[in-house]
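*Asks:* sequence plus the predicted model coming up.
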Amino acid sequence: IDSTLLILHNRLKPKHNSEGIDVVKHYGDIPFVECYAGQINQVFMNILSNAIDALEDHMKDHPEVYQDTKAAIAIHTERATPGWIRIRIVDNGPGMPESVRRQLFDPFFTTKPVGKGTGLGLSISHQVICDRHQGSLTCHSTPGVGTEFVIMIPESVGAIPQN
């Protein structure tokens, strides 16, 4: 997670008309997780990039929302149950309606303008977590409040059947 945040560091910094985006880390005491690290990092990159995009757009379109509260992304890691790790990525952006949330993991679905998004990031992320790691990737969102992605993965890739 931290290596992905390092790559995204410049996107989080204050810009000419915004205060930037805070990242709050709530890392639990979790064991080393055996996984396909490059693929998992791509999942973090996709989810965090989308959160940053949503927050940047919302700050630009509705600056009054962030006068008293700073734009933020919170990252929580914890051992969910024996053998399973839960990672939650939560933002205080605009949220999304249920009609959008239902299609998030569909290939080529995007809410971004032409040329900005491919509509593949979350579809690939879902495939990496659910198919490659036998985990789960879910999204909860409330318009006007924010969005939360929840990743559940087993601690060991050894528990994952190989195709």
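*Replies:* Arrived safely. Residues are numbered from 1 along each chain as shown.
*Asks:* after the helix or strand containing I85, next one along is what?
*Replies:* I85 is located in strand 84-91, with elements delineated by DSSP states H and E. On the C-terminal side of strand 84-91, the nearest following helix or strand under DSSP H and E is helix 98-101.
*Asks:* now that next one: buried residues?
*Replies:* Residues R101 are the ones in helix 98-101 that count as buried (16 or more other CB atoms under 10 Å). Where C-beta positions appear, they are placed from N, C-alpha and C, glycine not excepted.
*Asks:* in the following helix or strand past it, which of the residues would be classed as buried?
*Replies:* Helices and strands here follow DSSP H and E; after helix 98-101, the next one along the chain is helix 121-126. Neighbour-count burial for helix 121-126, with 16+ other CB under 10 Å as criterion, is recorded at 121-126.
*Asks:* repeat that for stretch 18-27.
*Replies:* Across stretch 18-27, burial judged by 16+ other CB under 10 Å covers 18, 20-21, 23.
*Asks:* same question, stretch 28-41
*Replies:* For stretch 28-41, a neighbour-count test (16+ other CB under 10 Å) marks 33, 35, 40-41 as buried.
*Asks:* list the contacts of that stretch.
*Replies:* 3-4, 76-79, 85, 128, 132-133, 153, 155-158 (CB atoms under 8 Å, 6 or more residues apart in numbering).
*Asks:* secondary structure element holding the residue nearest the centre of the chain?
*Replies:* Central residue of the chain (CA atoms, centre = their mean): I47, 2.8 Å from the mean position. For I47, the host element (DSSP H and E) is helix 37-61.
*Asks:* what residues sit buried inside that helix?
*Replies:* For helix 37-61, burial by neighbour count (16+ other CB under 10 Å) applies to 40-56, 58-59.
*Asks:* which stretch of helix or strand covers E78?
*Replies:* Following DSSP H and E, one finds E78 within strand 72-81.
*Asks:* please consider this matter closed, and thank you.
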